[in-house]
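> Structure for the following, please:
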Amino acid sequence: MSAHPTPPQFQMPVQDDRGPVSGLAITALVLSLVPGVGLLGVIFGVAALLTMNNSSPARSGKGLAIAGIVVGFVTSALGVLLCAGILLPALGKARESARELKSRSQLALMTQSLLAYAQDNRDHLPEIATGWEQRLSATGLSPGAFESPRKDADWTGPSYIYVPPATSVDRVPNPSQTVILYEDPRLSRSPMVPVAFLDGSVREIQEAELARLLERQGRTEPGR
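Alright, predicted model coming up:
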């Protein structure tokens, strides 16, 4: 047995040829996780992949770049869906409000034309059987004024219900509570109905209130 100790085995150090991690790849992954800027993560991830192999020294981090691209697309898609979920109901409400305002404007125009007709005809409004729409058309109202903007394409009935008083307008005791014209309640998505009164005002009231006023005037149920 030799008196000299066996020298330790010399091992060559293992070289890490991966190189430093790409800063673009790290940035891509970080940005992809931030709400609202996920698309930037996609852009930085693509840029990282394009420059990674051509950089000197070589850079690592392809996995981070790919993850940034995938996560960026996912967060961007989720952001679009979230915005759509918020904006679409708001747009629907705005559209309905615009249609409601137009309907009330048309009611106001028809009411003013009816009152002008009464002034020229000894305080009598046109009777339903005499074609009240045609009589108002002669005053300059277009045919579209008698069609509610809220009616569907398959709606076949009248948009507005005309309920003239049984007597001359100067003998009606309470014009501000006397209904002469209203939009068919079935066209509205809410319980409120646009109603025109004999004093020329137009306002929205509950359908139950409209039914009560019509019953007091001896008329039928609203929309019937």
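
> Which neighbouring elements make contact with the one helix or strand Ile161 maps to?
Secondary structure from DSSP states H and E places Ile161 in strand 160-162. Other elements packing on strand 160-162 under the criterion 3 or more C-beta pairs under 8 Å, 6 or more residues apart in numbering; DSSP states H and E are helix 62-120, strand 179-183. (Each C-beta comes from the backbone N, C-alpha and C, glycine too.)

> Paired strands for that strand, with orientation please.
For strand 160-162, the pairing partners within the sheet under DSSP bridges are strand 179-183 (antiparallel).

> Would you indicate which residues of stretch 203-211 are buried?
For stretch 203-211, burial by neighbour count (16 or more other C-beta atoms under 10 Å) applies to 204-205, 207, 210-211.

> Could you do stretch 84-98 as well?
Across stretch 84-98, burial judged by 16+ other C-beta under 10 Å covers no residue at all.

> The buried residues of stretch 203-211 in strands, which ones?
Among those, the ones falling in strands (DSSP state E) are 204-205.

> May I see the buried residues of stretch 203-211 organised as a markdown table, with distance to Glu100 and pLDDT added?
As requested, these are arranged in a markdown table below (distance: C-beta to C-beta, whole Å; pLDDT from 0 to 100):
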| residue | distance to Glu100 | pLDDT |
| --- | --- | --- |
| Glu204 | 8 | 92 |
| Ile205 | 13 | 93 |
| Glu207 | 15 | 92 |
| Leu210 | 16 | 94 |
| Ala211 | 20 | 93 |
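
> Off-centre distance for the helix or strand hosting Leu50?
Element membership for Leu50 (DSSP H and E) is helix 38-52. Distance of helix 38-52 from its chain centroid, counting by C-alpha atoms, centre = their mean, to the nearest Å, is 35 Å.

> next one: stretch 177-188
25 Å.

> what's that stretch in contact with?
With contact meaning C-beta atoms under 8 Å, 6 or more residues apart in numbering, stretch 177-188 is reached by 100, 103, 107, 110-111, 114, 125, 148, 150-151, 155, 157-165, 172, 193-199, 207, 210, 213-214, 217, 219, 222-223.

> again, but for stretch 115-127
Residues lying outside stretch 115-127 but in contact with it, judged by C-beta under 8 Å, 6+ apart, are 114, 132, 135-136, 139, 164-165, 168-171, 180, 200.

> so what pLDDT did the residue nearest to Leu109 when sequence neighbours are not counted get?
Of all residues beyond its chain neighbours, the one nearest Leu109 is Ala145 (5.8 Å), with distances taken as C-beta to C-beta, 6 or more residues apart in numbering. Ala145 is assigned a pLDDT of 88 by the prediction.

> residues touching Ala145, list them.
For Ala145, the contacting residues are 106, 109-110, by C-beta under 8 Å, 6+ apart.
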